[in-house]
Structure formats: structure tokens, C-alpha cells
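Undergrad: only the shape, not the letters, is given here:
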């Protein structure tokens, strides 16, 4: 039996199960969600385009679309989930977004933001946030 994703917007991604996230990404998000996620992460259009592995021109075209493709939708949902989690861990959006830009020794002196253009990078950053949340970050 297929699980239906909630009709609510991207801001509910933290409560989506993995299957719901897959279903929601297959349905396709609205193009305006690209700008919303950019706002959650406090990134420029150029940075957001890089996170989506797109040119800036393609990013701007995506914003105008009624429905994004599944791959872009999934990436946006993962980034929104990360932004929500990071803001919760740091208890402040500004602290989280500044942390994203700070080079970390754990990442060979790369900032976490530089890794968010791949699903592996998103998972790595989520793992580090988990360590911070539970006080085991070294």
C-alpha cells in the first residue's frame, strides 16, 4: 500500500518518513520551493544553483516551473530537512548558517556548505550535526 505524503509545503520535511520523502519528491515540488530552501540556508542564487548541480540560468528557470523533476525535488527536500535540523541543533538560524560557512577540521578544513551538492555530503553534515546535538563533536 502506497504511503501518501502530506500536502503541506516543504517546511514539514522533518516529519516525513523516508517513504513519504520519496513519494513527495516523485510528485515534484513547485519551483518556488527553490527560493524558499535558499532562504532557509541563507545562500545566494549562485550558491543554490551549485547545490542543485545547475547553472544559475537553469536555477532561475526552475523557480518559474509549476513542477520540478523528481531529482531536484528530492535534493530540495533533503536540503530543507538539513536546514530544519541544523536550526534546531543550533537553536538559531543565524548560528546554523554561519556554521555552514565555517571550515571544519573534521572536513579537512572545508565548510559544510561546500559538501551539500551531493547526497553523501548532506548525510555527512547531518551526521556531524547529530554529534553536535548529542555532545560528542570533537
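TA: Alright, I've got the coordinates. Keep in mind it's a predicted model, so treat the numbers as computed, not measured.
Undergrad: doesn't residue 121 make contact with residue 107?
TA: No - using CB atoms under 8 Å, residue 107 makes no contact with residue 121, being 9.3 Å away. All C-beta spots, glycine's among them, are computed from the backbone N, C-alpha and C.
Undergrad: mutual contacts of these two, please.
TA: 114-115 (CB atoms under 8 Å, 6 or more residues apart in numbering).
Undergrad: can you give the distance of the lowest-mean-pLDDT helix or strand in the chain from its chain's centre?
TA: Of all helical and strand segments in the chain, the minimum by mean pLDDT, DSSP states H and E falls on helix 56-63, at a mean of 90. Relative to the chain's own centre, helix 56-63 is displaced by 17 Å; criterion: CA atoms, centre = their mean, to the nearest Å.
Undergrad: okay, residue 79 and residue 109: tell me how far apart.
TA: 23 Å (CB to CB, to the nearest Å).
Undergrad: out of these two, which sits in the more crowded spot?
TA: Neighbour comparison, residue 79 and residue 109: the larger count goes to residue 79, with 25 against 9 (by other CB atoms under 10 Å).
Undergrad: and the angle from the helix or strand containing the more buried one to helix 56-63?
TA: Assigned by DSSP states H and E, residue 79 belongs to helix 70-90. Computed by axes from the mean of the first three to the mean of the last three CA atoms, to 10 degrees, the angle separating helix 70-90 from helix 56-63 equals 90 degrees.
Undergrad: who touches helix 70-90?
TA: 10-11, 13-14, 16, 21-22, 24-29, 33-34, 36-37, 40-41, 51-52, 54, 62, 68, 93, 96-97, 99-100, 116, 119, 122, 125-126, 129, 132-133.
Undergrad: from those residues, list just the buried residues.
TA: 10, 13, 16, 21-22, 24-25, 28-29, 33-34, 36-37, 40-41, 51-52, 54, 62, 68, 93, 96-97, 99-100, 116, 122, 125-126, 129 (16 or more other CB atoms under 10 Å).
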